[in-house]
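Asker: my questions concern the predicted model and sequence given below.
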Amino acid sequence: MGFSYQNHILHAESVAIADLMKTYGSPLYVYSRTDIEYNWHLFSHAFGIHPHLVCYAVKANSNLAVLSVLAKIGSGFDVVSNGELERILLAGADASRCVFSGVAKTNIEIKRALEVGIFCFNVESMAEMIRIEQVAKEMSMQAPISLRVNPDVDAKTHPYISTGLKENKFGVDIDDAIPIYKMAYNSPYLKVKGIDCHIGSQLTKISPFLDALDKVLELVAKLGKLNIHVTHLDLGGGVGIKYDNEQTIDINAYISSILDKVGSLKIILEPGRAIVGNAGIFVTKVEFLKQNSDKSFAIIDGAMNDLLRPSFYQAYHQVLPIDENAEGIDAHWDLVGPICETGDFLAKNRRLSLSEGDYLALMSAGAYGSTMSSNYNSRPRVAEVMVLGSQYTLVRERETIQDLFNKEYMIND
Ligand SMILES: Cc1ncc(COP(=O)(O)O)c(C=O)c1O
Ligand SMILES: N[C@@H](CCCC[NH3+])C(=O)O
């Protein structure tokens with residue numbers, strides 16, 4: 001789709017990656033606008049005429065270009081901080097199509113979200129709900145709320161990105177939800193809108209989603225008997241993507257199996273990775289090759305501060321040469337960065353034919369790539385480019401060394 005070989009040369013849409021590297025330097029994130037829009041439409045179209053809101057999870061990739069492209073096609077957004085909220089507003093989003101998630105909302109965040117008229121808060125705890133009620137009262141407003149319930153369902157994903165088990169910090173135990181809903185229902189400053197549930201990320205099977213949905217529907221019925229009627233279910237994000245050869249979720253099948261169960265309730269989804277993950281790549285240059293009797297290391301100019309997923313989750317990203325015919329030393333290479341950490345690797349044991357100066361693309365890096373990057377080892381963050389057909393545009397300037405010092409002060413005594 002967005003990234004393919006054309007005459008053995010890797011392209012983003014119709015643009016050769018080599019041309020982007022010449023223009024913008026290395027390392028570089030490259031996004032395909034066509035893929036981002038296509039992926040969002042896959043979700044939206046699958047709902048047909050059923051009431052729904054596809055709220056892109058901003059944390060996956062919060063570049064203003066990505067957000068503005070999605071805002072233009074009518075996306076809602078899922079934000080978890082004021083930073084994300086201000087980003088989507090700047091990008092032209094309609095706040096009334098946005099949900100505010102996140103584990104610990106501050107008074108300032110709650111106030112701002114109420115001012116701009118967000119669609120709903122996804123409340124994480126009784127204490128947080130009391131805080132939201134207090135802020136709404138001070139503003140003489142009614143805050144729209146859903147309670148994030150934890151259904152104790154195993155998402156069967158990496159433990160760091162599983163969120164729906166009792167042992168995880170997220171949400172409220174589903175069995176403890178009713179008294180909290182009763183309190184919300186009886187408050188003049190809270191408006192009960194829905195139930196929220198997000199069980200984890202990079203799920204590759206539909207069944208955990210449906211198990212969680214069954215538990216949520218039991219709660220809907222119990223609340224109904226108490227005359228507390230929710231009007232939507234927010235089933236979170238979590239749809240996995242193909243990083244390697246894994247089977248992933250068919251979005252049409254996923255959404256139609258949800259719709260089979262939910263009657264006329266409006267459905268909100270918060271996909272992040274499924275929209276941007278495969279719509280972005282990270283391109284890095286081979287600086288040095290170093291081989292010993294045991295190992296072959298390709299030392300690249302990209303590092304764990306630019307793309308943390310391999311170090312943090314042992315995540316796999318496919319590695320492709322930007323010139324399929326490039327000749328070099330054929331070996332099983334570990335791609336390691338310049339950072340002073342043994343865990344600084346982007347890929348291990350990949351059969352490639354490499355020479356110094358080659359460019360390599362780490363595929364499926366559009367989600368949780370740039371957003372999880374840092375300045376560790378005082379490395380400036382890399383540039384980002386968005387491609388559409390044969391056009392391309394810089395959407396984030398490469399940071400300069402000076403940028404790194406901008407907010408710091410020396411002690412001068
Ligand atoms: C509350 C919430 N919604 C949505 C998402 C997006 O998840 P994903 O990128 O897996 O779709 C996350 C991240 O896991 C999340 O925590
Ligand atoms: N950052 C994770 C996903 C976490 C999702 C946020 N709840 C990843 O790269 O896979």
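Answerer: Cool, got the structure. Ligands and ions are numbered 1, 2, ... in the order given.

Asker: which other helices and strands does the helix or strand harbouring residue 219 contact?
Answerer: Secondary structure assignment for residue 219, by DSSP states H and E: helix 207-225. With contacts taken as 3 or more Cβ pairs under 8 Å, 6 or more residues apart in numbering; DSSP states H and E, helix 207-225 sits against strand 143-150, helix 177-186, strand 190-196, strand 232-234, helix 251-259. Quick note: C-beta positions are derived from backbone N, CA and C, even for glycine.

Asker: ligand 1 contacts on the stretch 201-350 of the chain?
Answerer: Residues of the stretch 201-350 of the chain found near ligand 1 (Cβ under 6 Å from any ligand atom) are 201-202, 236-239, 270-274.

Asker: hmm, try it at 5 Å
Answerer: Counting by Cβ under 5 Å from any ligand atom, the stretch 201-350 of the chain comes close to ligand 1 at 201, 236-238, 270-273.

Asker: and the helix holding residue 219, what's buried?
Answerer: Buried residues in helix 207-225, counted by 16 or more other Cβ atoms under 10 Å: 208-213, 215-217, 219-220, 223.

Asker: ok so, going back, let me know which of the helices and strands packed on helix 207-225 is tucked in deepest.
Answerer: Ranked by mean neighbour count, these are led by strand 143-150 with a mean of 26 (mean count of other Cβ atoms under 10 Å).

Asker: when you scan it, is anything in it near ligand 1?
Answerer: No: under the criterion of Cβ under 5 Å from any ligand atom, ligand 1 is not reached by strand 143-150; the shortest gap measures 7.4 Å.

Asker: average pLDDT for the next helix or strand after that strand?
Answerer: Downstream of strand 143-150, the first helix or strand assigned by DSSP H and E is strand 172-173. In this model, strand 172-173 has a mean pLDDT of 92.

Asker: so how do I select the buried members of the residues of the stretch 201-350 of the chain next to ligand 1 in PyMOL?
Answerer: Of these, the buried ones can be selected in PyMOL as follows, counting by 16+ other Cβ under 10 Å:
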select buried, resi 201+236+237+238+270+271+272+273
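
Asker: tilt between the helix holding residue 219 and helix 177-186?
Answerer: Angle between the axes of helix 207-225 and helix 177-186 is 50 degrees (criterion: axes from the mean of the first three to the mean of the last three Cα atoms, to 10 degrees).

Asker: contacts for helix 207-225, please.
Answerer: Helix 207-225 has contacts (Cβ atoms under 8 Å, 6 or more residues apart in numbering) with 149, 151-156, 164, 174, 177-178, 181, 195, 197, 199-200, 203, 229-230, 233, 235, 238, 254, 257-258, 261-262, 265.

Asker: extract the C-alpha set from that helix and format it as PDB.
Answerer: What follows is helix 207-225, C-alpha atoms only, in PDB (Å, rounded to 0.1, in the frame of the first residue of the first chain):
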ATOM      1  CA  SER A 207     -12.400 -13.000  21.100                       C
ATOM      2  CA  PRO A 208     -11.000 -11.000  24.000                       C
ATOM      3  CA  PHE A 209     -12.800  -7.900  22.800                       C
ATOM      4  CA  LEU A 210     -16.100  -9.900  22.600                       C
ATOM      5  CA  ASP A 211     -15.500 -11.400  26.100                       C
ATOM      6  CA  ALA A 212     -15.100  -7.900  27.400                       C
ATOM      7  CA  LEU A 213     -18.100  -6.700  25.500                       C
ATOM      8  CA  ASP A 214     -20.300  -9.500  27.000                       C
ATOM      9  CA  LYS A 215     -19.300  -8.300  30.500                       C
ATOM     10  CA  VAL A 216     -20.000  -4.700  29.600                       C
ATOM     11  CA  LEU A 217     -23.400  -5.600  28.200                       C
ATOM     12  CA  GLU A 218     -24.300  -7.400  31.500                       C
ATOM     13  CA  LEU A 219     -23.500  -4.100  33.300                       C
ATOM     14  CA  VAL A 220     -25.700  -2.200  30.800                       C
ATOM     15  CA  ALA A 221     -28.600  -4.500  31.700                       C
ATOM     16  CA  LYS A 222     -28.000  -4.200  35.500                       C
ATOM     17  CA  LEU A 223     -27.800  -0.400  35.200                       C
ATOM     18  CA  GLY A 224     -31.000  -0.400  33.100                       C
ATOM     19  CA  LYS A 225     -32.800  -2.200  35.900                       C
END
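
Asker: still on that earlier bit, any idea which of the helices and strands packed on helix 207-225 gets closest to ligand 2?
Answerer: For these, the distance to ligand 2 is smallest for strand 143-150, at 12.1 Å, taking Cβ to the nearest ligand atom.

Asker: distance between that closest one and the chain's centre?
Answerer: Centroid separation for strand 143-150 versus its chain: 21 Å, with Cα atoms, centre = their mean, to the nearest Å.

Asker: and that strand with strand 190-196, angle?
Answerer: Interaxial angle of strand 143-150 relative to strand 190-196 (the same axes, to 10 degrees): 30 degrees.
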